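[1] My questions concern the predicted model and sequence given below.
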Amino acid sequence: DQQVKQNSPSLSVQEGRISILNCDYTNSMFDYFLWYKKYPAEGPTFLISISSIKDKNEDGRFTVFLNKSAKHLSLHIVPSQPGDSAVYFCAASNNAGNMLTFGGGTRLMVKP
Amino acid sequence: DTAVSQTPKYLVTQMGNDKSIKCEQNLGHDTMYWYKQDSKKFLKIMFSYNNKELIINETVPNRFSPKSPDKAHLNLHINSLELGDSAVYFCASSQVFGNREQYFGPGTRLTVT
């Protein structure tokens, strides 16, 4: 039973436009959420995170929104660049913080 | 300098063999992890070590045995390899136990034939 789901396996966006990647979770004990970015043949790299006490966190072109009532978070990338093309993983953890549960990833392709 | 390194990057072996994957981090982190990324691309935690002590052991066959000789190293030994063990294995580390921002190695692609 997947507790973290990314229902879109892939997303294609034009350069300069907004990319919106979505993530849903089922475990109400999750209180911290992260996005990781992964290029082929490399390990995931941390991108941005958000605590459940917030509903938005912004870092440059990347913004994560959290809707706790809907158990939904999203990652916005504005403007999208070809170098953003990668697989994006959503991850969640509970207040023990010792374990990350990952979604299945969304492959983002940004076309020049 | 590579922060989290794994060797080998690729490993092809036959069923029944025993193999090891090595992981080293030069970040001075206290906690290290092993993840498995299966054919469906899900990343799942296998083990977590904090200061050389096993903290998390998810439902993993006991053919898998992690070994942490020191804080900077966490190796994964697999006995009697099976076809279903084919996957990409990622090592990761975090500054302290409970720190949710983890740094990942490049992965080891294991193929069992």
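    Looks like it came in fine.
[2] from what I can see A:K38 touches A:S85, true?
    No - A:K38 is not in contact with A:S85 according to CB atoms under 8 Å; the separation is 11.1 Å. Backbone N, C-alpha and C define where each C-beta goes, glycine included.
[3] you'd agree B:R100 is up against A:S93?
    Yes - B:R100 is within contact range of A:S93, at 4.9 Å (criterion: CB under 8 Å).
[4] In chain B, where is pLDDT below threshold?
    Within chain B, the stretches with pLDDT under 70 are B:1-2.
[5] Just want the residue of it that's nearest chain A.
    Of all residues in chain B, the one sitting closest to chain A is B:F104 (3.1 Å; CB to the nearest CB).
[6] Surely that residue touches B:A92?
    Yes - between B:F104 and B:A92 a contact is recorded at 4.6 Å, counting by CB under 8 Å.
[7] Could you pull out the strands in chain A for me?
    Counting by DSSP state E, chain A has strands at residues A:4-5, A:10-14, A:19-25, A:30-38, A:45-51, A:56-59, A:62-67, A:72-77, A:86-94, A:101-102, A:106-111.
[8] which residues in chain B form strands?
    Using DSSP E, strands in chain B cover B:4-7, B:10-13, B:19-25, B:31-37, B:43-50, B:53-57, B:64-70, B:73-78, B:87-94, B:103-104, B:108-112.
[9] Counting by contacts, list what the fifth one packs against.
    Taking 3 or more CB pairs under 8 Å, 6 or more residues apart in numbering or on different chains; DSSP states H and E as contact, the helices and strands that strand B:43-50 lies on are strand A:101-102, strand B:31-37, strand B:53-57, strand B:64-70, strand B:73-78.
[10] and what of the third one?
    Applying 3+ CB pairs under 8 Å, 6+ apart, one finds that strand B:19-25 contacts strand B:4-7, strand B:10-13, strand B:31-37, strand B:73-78, strand B:87-94, strand B:108-112.
[11] which one is B:K40 nearest to, not counting chain neighbours?
    Closest residue in space to B:K40, ignoring its immediate chain neighbours: A:G104 at 6.5 Å, by CB to CB, 6 or more residues apart in numbering or on different chains.
[12] Could you count how many residues lie near the one you found?
    Counted with other CB atoms under 10 Å in any protein chain shown, the neighbours of A:G104 add up to 19.
[13] Next one: it from B:G105, what distance?
    Remark: distance between A:G104 and B:G105 (CB to CB, to the nearest Å) = 20 Å.
[14] cool, A:D31 as well?
    Using CB to CB, A:D31 is found at 27 Å from B:G105.
[15] The most centrally placed residue in chain B pairs with what?
    Nearest to the mean C-alpha position of chain B, counting by CA atoms, centre = their mean, stands B:W34 at 3.2 Å. Beta-bridge pairing for B:W34 (DSSP bridges): B:F47, B:C91.
[16] wait, what's in contact with the nearest residue to A:R107 once chain neighbours are set aside?
    Once flanking residues are discounted, A:R107 sits nearest to A:S10: 4.4 Å by CB to CB, 6+ apart. Counting by CB atoms under 8 Å, 6 or more residues apart in numbering or on different chains, A:S10 touches A:T106, A:R107, A:L108, A:M109.
[17] Kindly report the residues of chain B close to chain A.
    Residues of chain B lying near chain A by CB under 8 Å from any CB of the partner chain: B:4, B:40-45, B:48, B:55-56, B:90, B:92, B:97-107.
[18] and those, which are buried?
    B:4, B:41-45, B:48, B:55-56, B:90, B:92, B:97-98, B:100, B:102-107 (16 or more other CB atoms under 10 Å in any protein chain shown).
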